[in-house]
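Colleague: After the sequence you'll find the predicted model.
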Amino acid sequence: MPEAKNETWSMDFMHDQWADGRSIRLFDVIDDFNREGLGIEVDFSLPAKRVIRSLNQIIEWHGSLSEFDQIMDLNILVPLKELVRAKID
C-alpha cells in the first residue's frame, strides 16, 4: 500500500465501441495513493509512441515514479522502459 504520491501508479488499456460500430481505445494512469487521475489518452488507435509520449508528459507534470524501475522491469515492458528512459535522459 503506497504511503505517498508517486510511489506507485496503475496503468490500464481499455476498449469500447460506439453505437456506429467504431472502436475506441483508452489508456489511463492513476496514482495508487490518492486515486488521482494523472492522464488519459483516448483515440481510435493508440500506438506505442503515443503511449510513450503520454507517459513522458505525465512524468513531466507529476514527477518521476519512485518505483518506476521495478514496475518497468517486467520482460514485456523492457522495450517500453528503454524508450521512455531515452526520452527522460
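Modeller: Okay, I see it.
Colleague: Please identify which helix or strand holds residue 45.
Modeller: Per DSSP states H and E, residue 45 falls between elements, in no helix or strand.
Colleague: check contacts around it.
Modeller: By Cβ atoms under 8 Å, 6 or more residues apart in numbering, the contact list for residue 45 reads residue 25. C-beta coordinates here come from the backbone N, C-alpha and C atoms, glycine included.
Colleague: right, and residue 55 touches residue 28 too?
Modeller: No. Using Cβ atoms under 8 Å, residue 55 is not in contact with residue 28, being 11.6 Å away.
Colleague: ok, the two, which is more surrounded?
Modeller: With neighbours defined as other Cβ atoms under 10 Å, residue 55 and residue 28 compare such that residue 55 has more, 25 against 16.
Colleague: Can you report phi and psi for that one?
Modeller: phi -60, psi -40 (degrees, to the nearest 10).
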